[in-house]
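1. test case, fold it:
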Amino acid sequence: MAVEKVSGIMVEAWEDFSDLPETVPPPHLLRCANFASKRFINSCGLSLQKMYEQKQYKMALKIAKQILSNPKLADHGETLAMKGLTLSYMGRKEEAYEDVKRGLKSDLKSYVCWHVYGLIQRGDKKYEEAMKCYVNALKIDKDNIQILRDLATLQVQLRDLEGFRDTRYRLAVLRPSQRSHWLAYAVALHLQGELPLAIKVMEECRKLAHPEKREDCDVEYGEYILYQLELMMEAGSFPEAIEHSLRYESYVFDNVSLLENRVKAYLASGKKKEANEVLFTLLDRNAENWKYYQDLSFPTDSAENLLEFCKEMQKSKPSARTPKKIPLTLTQGDEFRILVRSYLTQGLQKGLPALFNDIKLLYKEPSKASIIEEEVFKILDMEKSRSSQVSPQTSSDEDLPASTLLWTYYFLAQHSDQKRDYIKALEYVDLAIEHTPTLVESYSFKAKIYKHMNRLVEAADCMDEAQSLDTSDRFINYKTGKYLLRANLVDRAETILAKFTREGMKASENLCDMQCFWYMIESARALNRLGKVGEALKILHVIDRHFMDIVDDQLDFHAYCLRKSTIRSYVALIRLEDSVRQHKFYVNAAVLAAEIYLQLSEKQPTDSDDDGINDPSMSAADKKKLKNKQRKAKKKADSERIQQEAAEKAKAHTKVKKDDDEPAAAQKEDLVPEKLAKPEDPLEQACHFLRPLLVLDIPHFDLHRVIFDVYQRKGKYAIAVRSLLRMMSLQPNHPKVAECRTVCLDFENTVNGVPSAIQEVTQEALLAIKQFVPV
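-> Take a look at the predicted model:
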């Protein structure tokens, strides 16, 4: 390593920089006019890269300016590009783009300039533009490993799976000795659906990683085996999957996943006896997994044999509850009565608050619900008799505990609430409160009964009383806040929720920053009911941004998961991200936002809507004066807001300059409630929320209702008709379906101007709608 002094700056000229991180291609042998300039730029360029990689942005910027101060190098493209990249990490985006574009203009044939331009675009989440830059860089240096890696990352981020497969293959060919490239190629083939080839590639990866001794096996090798097994299962190669799982069983650490896949392979191959043997092993490990019992196969009557097997499991696993619950679903009549009496007695004796939820599915059969009611009343009568006749001095250890009566009242309250006999439910829950006034569960369930009766304020007060009994319980605190929001008591809800949020910060802001979606949904609904449309829309846009962040955050995992060989989890992540907006929180937010924007579209704000102008008692002169006064006030308010925003930006810029060595986060556009409440195109804003959901098949009636309303107003009849078909399949007798069918009858005259393919599909859908007969 040689050390030179260049223009007053000590620069380390690295003779071998092959070990440097490949974050940015090293500007080695950069093109310059003469030998002296070339030597100068090489030494300074390496130091510039070193400072950038060490996140010493001030020093990197200083070196870049030193290079560009040379008149012969004032327009050196690659140095300008590196300067722009450094400025982008310092939060000075406009200057960064200006320098990079200037450098690119000076040297269009530099792969470094194109690569850096792509890095800046990727930092601003302009992924498609960044991909174009990477492609241009590869036209100049087609075998650049780092650019190919960055391109592959963006291709899988944007789900260009075919391009992702080709890029990963090029990387594997360029570096055939690196197992990670072949692993990534196998994942690309898997996502593309080329399973046989993916299995062959994974087999070669496994051979390369196969340890010489069993003791040298690690988790990474076990992941290869399990991933190859999953590929075989998806490809339908069940005999090969069975053989694979048996041969390499001793190398796998996640034995449960291995055994579960083996069971699926046995069942798919018709080998039920072998599947049962594996299931017995799994049940010995976990006797509470209901799915294991369902997969068991018996030669004769399955229900009778499963019932006998559950009895054996009760003896071998006496603490397990699932072997006791399954017989309740298999029996009827007196046999069911005996089993449910024992189950209820044990649950009430132990004081299980979730006992009712445990057997709630049995209420789908009215006969079983009646038997449960009879048995609980028998237990109630027995407990009343025992409590009135037996004194504490004469009670024995075999008697049920005194709390059994309390939990019997609690169970009967839940039972009556399930039957929608709310008056009777309130009577029983009041008896439970009278028996034990300090039981939190009684007050919380009483609040639930009031909620079912649509007495939301009383429900909130009752839940608040439950919260006062245990102020350290986070769950009760959350439920109290939720009930208060449903009662439109927003301020009280924020006070309650502030007990478990960060000090010195408003609870609403902290919960939004922490992506507490249930709070944001309930708060937006409450604000909308209170008429605060702008504030409600602000929260809904924050939800949309959170989901966009969730999608963008996967960018960091594309390289990380492949490097750590967590392949199965990575593929699961990719598939989860493809359908992340199916989550109920985003669907509910999209429906609410669309409903609000539909209301705003029906009443667009005009200048004549100002308060007092339409008052018939005012003269024309008074109206003119009032209008001028309101216009001046609005102008003054807008001016103050602009000045405040400018001051905040200047303050943020000053903060960035004070700490230039830390990467600056991208600034998002401020959400102003007043501006959101007066959108220029409400229907387009509604489409912003609904557009990501159009490609997903979500069985949600209200979602398809608002999609129909929005897109039929937008003139997108094909989308509207498709949503109506989904509404008809979900709730054919809903009044909204009949209303939408009437609207659709007018579509036939308006679809003639659309492209022929869309027109044909729409006509077929309209014909199906005409022929539809409600059940």
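2. CA atoms for contacts and neighbours, from now on please.
-> OK.
3. could you list the low-confidence segments of the stretch 1-150 of the chain?
-> 1-46 (pLDDT under 70).
4. now do the strands in it.
-> Counting by DSSP state E, counting those that start in this stretch, one finds strands in the stretch 1-150 of the chain at the ranges 2-6, 9-13.
5. where in the stretch 201-350 of the chain is pLDDT low?
-> 300-301.
6. run the last query once more with 80
-> 212-216, 299-302 (pLDDT under 80).
7. residue 106 contacts residue 77, correct?
-> Yes: judged on Cα atoms under 8 Å, residue 106 makes contact with residue 77 at a distance of 5.3 Å.
8. neighbour count for the two, which is higher?
-> Neighbours per residue, other Cα atoms under 10 Å: of residue 106 and residue 77, the larger number sits with residue 77, 27 against 16.
9. list the contacts for that one?
-> Listed by Cα atoms under 8 Å, 6 or more residues apart in numbering, the contact partners of residue 77 are 100, 102, 103, 104, 105, 106, 107, 110, 113.
10. please name the nearest non-neighbouring residue to the third one.
-> It refers to residue 103. residue 77 (3.7 Å; Cα to Cα, 6 or more residues apart in numbering).
11. quick one: that neighbour and residue 101, what's the gap?
-> Distance of residue 77 to residue 101, computed by Cα to Cα, to the nearest Å: 9 Å.
12. cool, residue 439 as well?
-> Distance from residue 439 to residue 101, by Cα to Cα: 69 Å.
13. settle it for me: which of the two has more neighbours?
-> Neighbour totals were compared for residue 439 and residue 101, and residue 101 leads with 20 against 16 (other Cα under 10 Å).
14. residue contacts, the most centrally placed residue in the chain?
-> Centroid-nearest residue in the chain, with Cα atoms, centre = their mean: residue 580, separated by 4.8 Å. Going by Cα under 8 Å, 6+ apart, residue 580 touches 547, 551.
15. could you pull out the helices for the stretch 101-250 of the chain?
-> 111-123, 127-140, 145-157, 161-174, 179-192, 195-209, 219-235, 238-247 (DSSP state H, counting those that start in this stretch).
16. so which of these is nearest residue 551?
-> helix 145-157 (8.7 Å; Cα to Cα).
17. report pLDDT for the nearest residue to residue 515 once chain neighbours are set aside.
-> Among residues not flanking residue 515 along the chain, residue 546 sits closest, at 6.9 Å (Cα to Cα, 6+ apart). The score at residue 546 is 95. That number is its pLDDT.
18. helix or strand: which one has residue 546?
-> helix 533-553 (DSSP states H and E).
19. quick one: contacts of that helix?
-> 125, 512, 515, 517, 520-521, 523-525, 527-528, 577, 580-581, 586, 589-590, 593, 596, 671-677, 689.
20. narrow those to just the buried residues.
-> 512, 517, 520-521, 523-525, 527-528, 577, 580-581, 586, 589-590, 593, 596, 673, 676-677, 689 (16 or more other Cα atoms under 10 Å).
21. which ones among those residues map onto helices?
-> 512, 517, 520-521, 523-525, 527-528, 577, 586, 589-590, 593, 596, 673, 676, 689 (DSSP state H).
22. I'd guessed residue 222 sits against residue 245; true?
-> No: checked against Cα under 8 Å, the pair residue 222 and residue 245 is beyond contact range at 11.0 Å.
23. mutual contacts of those two, please.
-> Counting by Cα under 8 Å, 6+ apart, residue 222 and residue 245 have no shared contacts at all.
24. who's in contact with stretch 248-260?
-> The contact list for stretch 248-260 (Cα under 8 Å, 6+ apart) reads 214, 217, 218, 219, 221, 222, 223, 225, 226, 245, 278, 282.
25. can we see that at 7 Å?
-> 217, 219, 222, 226, 245, 278 (Cα atoms under 7 Å, 6 or more residues apart in numbering).
26. tabulate these in JSON lines, adding columns for distance to residue 199.
-> Listed next are the contacts of stretch 248-260 as JSON lines, based on distance: Cα to Cα, whole Å:
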{"residue": "217", "distance to residue 199": "21"}
{"residue": "219", "distance to residue 199": "19"}
{"residue": "222", "distance to residue 199": "15"}
{"residue": "226", "distance to residue 199": "12"}
{"residue": "245", "distance to residue 199": "14"}
{"residue": "278", "distance to residue 199": "25"}
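27. now which of these would you call buried?
-> Judged by 16+ other Cα under 10 Å, buried ones among those: 217, 222, 226, 245, 278.
28. contacting residues around the last one?
-> Each residue near residue 278 by Cα under 7 Å, 6+ apart is listed here: 259, 263.
29. go again using 8 Å as the cut-off
-> Residue 278 sits in contact with 259, 262, 263, where contact means Cα under 8 Å, 6+ apart.
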